[in-house]
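A.B. asks: what follows is a protein structure lacking sequence information:
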């Protein structure tokens, strides 16, 4: 049986999704708070930049994959208006429920569904924008998921991949110290779970770097692909256009 990585640990491919589900079942109630701690609040600015680059207009259709607590879905819904549509998805039901409740609290009702990014239940050439924020690194077959995202995009549509990435060399030592020494302790203190946050730090290190991910996006058929380093490469926004 083929193996893949779960953080720094090798596991059977068939088991990774279950391990990841366990992590996010654990962190869902405190996910937004821990995102603030993981990024020093910068994830909010990174997502705002993603919304800007998406450039959605009235009547557009957008798919938010691994949408979690609904930050992007909420922002997208304000752009597409009443004539557009935003679909909010996540493979993890606990995260999706947290996001759906948050959207309802904001007075926003939109399609919300448990969805595997490697088997998207949507027709070809359907969405103007597909986004995945801080979710691709947790997927077992990233190439399959990217191909599915490309498939459901309309020609000329944008795939936006916002993800923690490879930091610039001057930041590496302090970033490693924070990720492996400070972050698990914060997870233990605030969420009662150091192991899940240790996995999150490890998963970032195992994720393809900026150039490698750009190549992967080209390989699934996206035409123009570029990336924008954010905060010294702590995160990167990859943008692919479907021909």
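C.D. replies: That came through fine. Here the structure is a predicted model, which means the values were calculated and not measured. Numbering: from 1, shown residues only.
A.B. asks: got a list of what the closest residue to residue 209 other than its chain neighbours touches?
C.D. replies: In this structure, residue 209 finds its nearest non-sequential neighbour in residue 166, 4.2 Å apart by Cβ to Cβ, 6 or more residues apart in numbering. Every C-beta, even on glycine, is put in place using the N, C-alpha and C of the backbone. Counting by Cβ atoms under 8 Å, 6 or more residues apart in numbering, residue 166 touches 209-210, 233.
A.B. asks: hey, where'd the helices end up in the chain?
C.D. replies: Listed in chain order, the helices found in the chain under DSSP state H are 13-27, 31-39, 42-54, 71-80, 93-105, 142-152, 172-177, 183-186, 194-206, 210-219.
A.B. asks: how far away is the residue nearest to residue 209 from residue 204?
C.D. replies: 9 Å (Cβ to Cβ, to the nearest Å).
A.B. asks: buried residues, whichever strand in the chain runs longest. List them.
C.D. replies: Identified as the longest strand of the chain according to DSSP state E is strand 153-164. For strand 153-164, a neighbour-count test (16 or more other Cβ atoms under 10 Å) marks 153-154, 157-164 as buried.
A.B. asks: wait, residue 219 touches residue 150, no?
C.D. replies: No. Counting by Cβ atoms under 8 Å, residue 219 sits too far from residue 150 to count as a contact (9.9 Å).
A.B. asks: just give me the neighbour total for residue 133.
C.D. replies: Neighbours of residue 133 under the rule other Cβ atoms under 10 Å: 22.
A.B. asks: so for it, what's the pLDDT?
C.D. replies: Predicted confidence (pLDDT) for residue 133: 96.
A.B. asks: residues contacting it?
C.D. replies: 47, 50, 64, 66-68, 71-72, 160, 162-163.
A.B. asks: can we see that at 7 Å?
C.D. replies: By Cβ atoms under 7 Å, 6 or more residues apart in numbering, the contact set of residue 133 is 47, 50, 66, 72, 162.
A.B. asks: my guess is residue 53 meets residue 241, correct?
C.D. replies: No. Residue 53 is beyond contact range of residue 241, at 11.4 Å (criterion: Cβ atoms under 7 Å).
A.B. asks: hang on, the earlier thing: and the residue nearest to residue 209, how far from residue 82?
C.D. replies: From residue 166 to residue 82 the distance is 41 Å (Cβ to Cβ).
A.B. asks: same deal with residue 203?
C.D. replies: 38 Å.
A.B. asks: and these two? Which one has more around it.
C.D. replies: Legend: neighbour count by other Cβ under 10 Å for residue 203 and residue 82, higher for residue 203 (19 against 8).
A.B. asks: would you confirm that the more buried one contacts residue 138?
C.D. replies: Yes. Taking contacts as Cβ under 7 Å, residue 203 lies within contact range of residue 138: 6.3 Å.
A.B. asks: just checking, residue 30 touches residue 191?
C.D. replies: Yes. Between residue 30 and residue 191 a contact is recorded at 4.3 Å, counting by Cβ under 7 Å.
A.B. asks: now distance to residue 180 too, for the contacts of residue 166, in JSON lines please.
C.D. replies: As requested, the contacts of residue 166 are arranged in JSON lines below (distance: Cβ to Cβ, whole Å):
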{"residue": "209", "distance to residue 180": "19"}
{"residue": "210", "distance to residue 180": "22"}
{"residue": "233", "distance to residue 180": "18"}
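A.B. asks: hmm, which of the residues you listed are the buried ones?
C.D. replies: Buried, going by 16+ other Cβ under 10 Å: 210, 233, out of the contacts of residue 166.
A.B. asks: I figured residue 157 was touching residue 128, is that so?
C.D. replies: Yes. At 5.1 Å, residue 157 counts as touching residue 128 under the criterion of Cβ under 7 Å.
A.B. asks: quick one: low-confidence parts of the chain?
C.D. replies: 1 (pLDDT under 70).
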